[in-house]
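Peer 1: Here you go, sequence then predicted model.
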Amino acid sequence: GSLSRAMLTLFDILSVPEISQYRDAMAADPLFSAFIVSFVVFVSFGMLGLLTGLVCESMFEKNQMKLEEERVEAEAKRARLVEQCEELFVQMAGSDDGEASTQ
């Protein structure tokens, strides 16, 4: 067989773990059996790790966007508060000594 056929066979074993068609070859060569089992186990864990990483990265990115939106919203709220305070202080009547009356 060729390298491409071997790669296709390994992909087939991984995607459809029905190894009954390879039973005769596995019974004849225990080293081949060990290779197939270890290949399926390691690649399965690798794919699981890859998918977990993608999900975590997506959630991290969404969290960063949410934090940025909250920061922008807080800045806008602060700016509105400063503007309202400035208007309030302008409207207050002041005395000659620099104090504002409460009336």
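Peer 2: Ah, there it is. Note that the structure is a prediction, hence the values are computed from the model and not measured.
Peer 1: Looking at stretch 44-56 now, give me its mean pLDDT.
Peer 2: Stretch 44-56 shows a mean pLDDT of 94.
Peer 1: can you list contacts of that stretch?
Peer 2: Contacts to stretch 44-56, defined as C-beta atoms under 8 Å, 6 or more residues apart in numbering, come from residues L14. For glycine as for every other residue, the C-beta is placed from the backbone atoms N, C-alpha and C.
Peer 1: mind checking how far it is from the chain centre?
Peer 2: Chain-centre distance of stretch 44-56: 11 Å, with C-alpha atoms, centre = their mean, to the nearest Å.
Peer 1: And stretch 6-17, by the same measure?
Peer 2: In this view, stretch 6-17 has its centroid 29 Å away from the chain centroid, taken as C-alpha atoms, centre = their mean.
Peer 1: What residues of that stretch count as buried?
Peer 2: Within stretch 6-17, the residues that qualify as buried by neighbour count (16 or more other C-beta atoms under 10 Å) are I13.
Peer 1: what are the C-alpha coordinates of that stretch, in CSV please?
Peer 2: The C-alpha atoms that make up stretch 6-17 are tabulated as CSV, following Å, rounded to 0.1, in the frame of the first residue of the first chain:
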residue,chain,number,x,y,z
ALA,A,6,-2.5,4.2,4.9
MET,A,7,-3.5,7.7,6.0
LEU,A,8,-7.0,7.2,4.6
THR,A,9,-7.3,3.9,6.5
LEU,A,10,-6.2,5.6,9.7
PHE,A,11,-8.7,8.3,9.1
ASP,A,12,-11.4,5.7,8.4
ILE,A,13,-10.6,3.9,11.6
LEU,A,14,-10.8,7.1,13.6
SER,A,15,-14.0,8.4,12.1
VAL,A,16,-15.8,5.1,12.1
PRO,A,17,-14.3,3.0,14.9
